[in-house]
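A.B. asks: need coordinates for the below:
(chains A and B)
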Amino acid sequence: MAEVIPSIFSIPLHFTRPPSVHDELTTQTSVAQQDTIAECLPFLTSAEDASQSPFDFNEHGVPRLDRQGHIDFLHGSLREFPAAFVAVDASRPWMVYWALMGLYLLGEDVTCYRERVIKTFAPMQNASGGFGGGHGQYSHLAGTYAVVLSLALVGGERAYSLIDRENMWKWLGRLKKANGGFEVCEGGEVDVRGAYCAMVIIVLLNLPFELPSPIHTKVGTLSTFQQGLEDYLAKCQTLEGGISGGPGNEAHGAYAFCAIACLCLMNEPQIALRSLDLPSLLSWLSSRQYAPEGGFAGRTNKLVDGCYSHWVGGCWPLIEGFLYGPRTALNRPTDRMLRSLYSNEGLTRYILSCCQARTGGLRDKPSKSADSYHTCYTLAGLSSVQHVHFYVHQDASISSSTHPFRWRSLPLCDLVSSSAAGVYDKQDTLQPLHPLFVIPHDAAQRLRNWSEGQSTGWTVIDQT
Amino acid sequence: MAYNHHPSYSDNPLWSDITPIPLDEGPGPGPALASIAYSPRYSTAMSYLRAVMASNEYSERALSLTGDVISMNPAHYTVWLYRAKIIREMGKEIHEELAWLEGVSRKSLKNYQIWHHRQTLMSSLPSPPATEAEFLTKILSLDSKNYHVWTYRQWLVSHFNLFDSPTELAAVETLLREDVRNNSAWNHRWFLCFGKDELESGQRAKGGGGVVVVVDEDLVDREVAFAQDKILLAPQNQSPWNYLRGLYRKAGRSLADLRSFAEQFAATQGGHDDDDDDDDDNDDEHEAAPVEREREREQELDLEEGVRSSHALDLLADIYAAIGEREKARKVLEVLGRRWDPVRKGYWDYKAGLLLDDEDEDEEKKEEEEKGIKAVPEGGQGVAVA
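C.D. replies: As a prediction, the model looks like this:
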């Protein structure tokens, strides 16, 4: 370990060379993994490349955040796309959400988009409740989630009141299934994503927990959205300890986030994860981080991808909330909370060294192009490593009594010395995000406050 | 039919009774966000689609229109769902639809509407077509870890009760022979072995939590042997390690049984061949000298240079903790964080911290016992005996 790299930068050795343990047997998976390491190493070590300007890197050998480049890229992603982009025709709510969220993280004021957001989404709402991916498309939980979050991001009475809450509630009732889960749309697939999107919508819009009409199953009657959901999600924990899209499927980072966040929307963090086997979940989650890449992969033996900076990275604050319990007030987090269970440094290095495209925007890995999906979720991951998230007990100083709104965050660089905070520059700190809703804390709180002032006196109908 | 290939809607007598619904880009000034400059062909087709959907038309021409839109944009979930409704309402021949679908599937593998549509179609058949397994093999040969394809395959197995189908197990074995690191194939193997019980009874893969899980011990033995064989091929492949741990968790077996298996991947090179013999000898010859025996084991291990699998070390840390050898567990976790898997140091440190918590608990228990108080009833560590 005594090798000395002649460099003014301090990059730990394990981020500069292939892993110490290596198998001889070659398969498709190992070839793809070797190729990815070979692709990432020059970016991870480029500070040591004599042809690079040393001024482009900080003392940790990490490139700076190209804030303006990413801002320009995201504004551009809200303009008109050429005809070849027809594949995103059913994902326009997502395109809007990813851009607005990314811009907010980068410090931009997104309220200037309010009128155009309302204009864009108005034709996507269906009279029978919910929003489709575009005008004339069936209502879908993913699209509706993106619409509700985007409206929360731009804020304001006019934006909120676009949503027909009563029909939203009735539509959600038609998506709830006897197994406890949710269909993503009527006649669509049932998966963990659907459950998470539904709970986010229900909580933000303060919809009644009662189902519009009860569901009679073989083993009893479901009368609320939550009933059966915890069991359904627990059944999605796999042999590996991770969480899959549905019972029996393979553990996957994006579904793990959806399931864990959904559980934390249903219960306070100290009991939210009680139905999961925590040691195996932690083991699987921790295994998602590789060196030298430093970033996360979504599944066992799959490749690192910038978007898992959020899907996997976003699980950690929730798990830590569960492990360390709530704080009694808005006081400073304990030392233990500042010691992360994953490598903040590795993730920061991957995002800033490998994911930033020269032309602005962020990407899956160096061989891929930037897009707004990867830009949003790599930035969300970077924000997550730069903040400590914690959950506070109910307290007079907190306006809302509803538990999902009791998450707080503080920038790490305000709590510890900047060298202890991480390998990014203080000026590259992003805005914090709410770990369950993935929008700003106050944007979530304002939409909830508005919703609490609206009617919920709708009739429950039992058709039996 | 004539309108199948180059459909023209506005000047076609077949469509003359339909008033197309143009795209609504919303009220107010300024362009809509993230809009698309659609090709005229797509715009026209979509405006007719909106119109027939609005009147819930289930007809031959509507079916053809959905095919046209799908050919231009297979990611359009609405058109797939509408197509499925048309097929159902018109009582269309499922096999014909499947044949059409196969062509689309090859062109857009990553698209998951295709697989949900396939599931909808299959669910109306009494049994899957004989060619289904072959079809899936072909698709997986192009993309062996495609999540949507595997999700569909697991649905197929559970819907038609193919858990014990030799074709399914053989397909998994072939994929693992080609790439022993294909974790999707490992997951499917687990699903074939245990999925039926887990789906039916709601028992999860983990056992744990004091729940006594009844499993077929012979099946577990077979799978343990399978996983161990595959580990020997490439010890740093995490998939079979996870599988092995999953089996032990499910069957409620003691990890301590895996001690010599795991230690061979952290032994001085060449030394591990004698491992098993040594264990047996130890049991007979060194019964009276546990300390000496401890030292011998220690000498077999070379945590600094002899490690061929970080996953073996991870397992060893849990084994040592389980049998009360906390110092050894700590040493293994320390070397994992420093030498073999440093990117996960935060996690290894957390696990080492849990060892301290265990020690504190033991300490408290001892103190209380000395005071004559029994803290926890015998066997009462939260284990519910069913």
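A.B. asks: in the stretch 351-464 of chain A, which residue sits nearest chain B?
C.D. replies: Chain B sits closest to residue A:372 of the stretch 351-464 of chain A, with a gap of 8.5 Å, by C-beta to the nearest C-beta. Glycine gets a C-beta too; all of them are placed from N, C-alpha and C.
A.B. asks: now do the same for that residue: its pLDDT.
C.D. replies: Looking at residue A:372, its pLDDT is 98.
A.B. asks: can you give me the strands in chain A?
C.D. replies: For chain A, the strands defined by DSSP state E cover A:210-217, A:220-224, A:387-391, A:407-411.
A.B. asks: among the ones you listed, which comes closest to residue B:231?
C.D. replies: Among those, the nearest to residue B:231 by C-beta to C-beta is strand A:387-391 (37.4 Å).
A.B. asks: helices and strands around that closest one, which ones?
C.D. replies: Applying 3 or more C-beta pairs under 8 Å, 6 or more residues apart in numbering or on different chains; DSSP states H and E, one finds that strand A:387-391 contacts helix A:315-324, helix A:335-338, strand A:407-411, helix A:412-415.
A.B. asks: list the contacts for the residue of the stretch 351-464 of chain A closest to chain B?
C.D. replies: Residue A:372 is in contact with A:73, A:74, A:77, A:95, A:98, A:99, A:102, A:361, counting by C-beta atoms under 8 Å, 6 or more residues apart in numbering or on different chains.
A.B. asks: can you say which of the helices and strands packed on strand A:387-391 is packed in most?
C.D. replies: Most buried of these, by mean neighbour count (mean count of other C-beta atoms under 10 Å in any protein chain shown): helix A:315-324, with a mean of 22.
A.B. asks: quick check: angle from that helix to strand A:407-411?
C.D. replies: Inter-element angle recorded for helix A:315-324 and strand A:407-411: 110 degrees (by axes from the mean of the first three to the mean of the last three C-alpha atoms, to 10 degrees).
A.B. asks: just checking, what packs against helix A:315-324?
C.D. replies: Judged by 3+ C-beta pairs under 8 Å, 6+ apart, helix A:315-324 is in contact with helix A:253-266, helix A:269-272, helix A:278-286, helix A:335-338, strand A:387-391.
A.B. asks: avg pLDDT for it?
C.D. replies: 90.
A.B. asks: what angle do it and helix A:253-266 make?
C.D. replies: If you take the same axes, to 10 degrees, helix A:315-324 sits at 40 degrees to helix A:253-266.
A.B. asks: contact partners of helix A:315-324?
C.D. replies: Counting by C-beta under 8 Å, 6+ apart, A:253, A:256-257, A:260-261, A:264, A:269-270, A:272-273, A:278, A:281-282, A:285, A:334, A:336-337, A:340-342, A:384, A:389-391, A:407, A:435-436 sit against helix A:315-324.
A.B. asks: quick check: closest non-adjacent residue to residue B:78.
C.D. replies: residue A:137 (4.2 Å; C-beta to C-beta, 6 or more residues apart in numbering or on different chains).
A.B. asks: that neighbour contacts residue A:92, doesn't it?
C.D. replies: No - counting by C-beta atoms under 8 Å, residue A:137 sits too far from residue A:92 to count as a contact (9.5 Å).
A.B. asks: for PyMOL, what selects the buried ones among the contacts of helix A:315-324?
C.D. replies: With 16 or more other C-beta atoms under 10 Å in any protein chain shown as the criterion, this PyMOL line picks the buried residues out of the contacts of helix A:315-324:
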select buried, chain A and resi 253+256+257+260+261+264+269+272+273+281+282+285+337+340+341+342+384+389+390+391+407+435+436
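A.B. asks: chain B: which of the contacts of residue A:372 is nearest?
C.D. replies: Closest to chain B out of the contacts of residue A:372 is residue A:95 (3.8 Å), distances taken as C-beta to the nearest C-beta.
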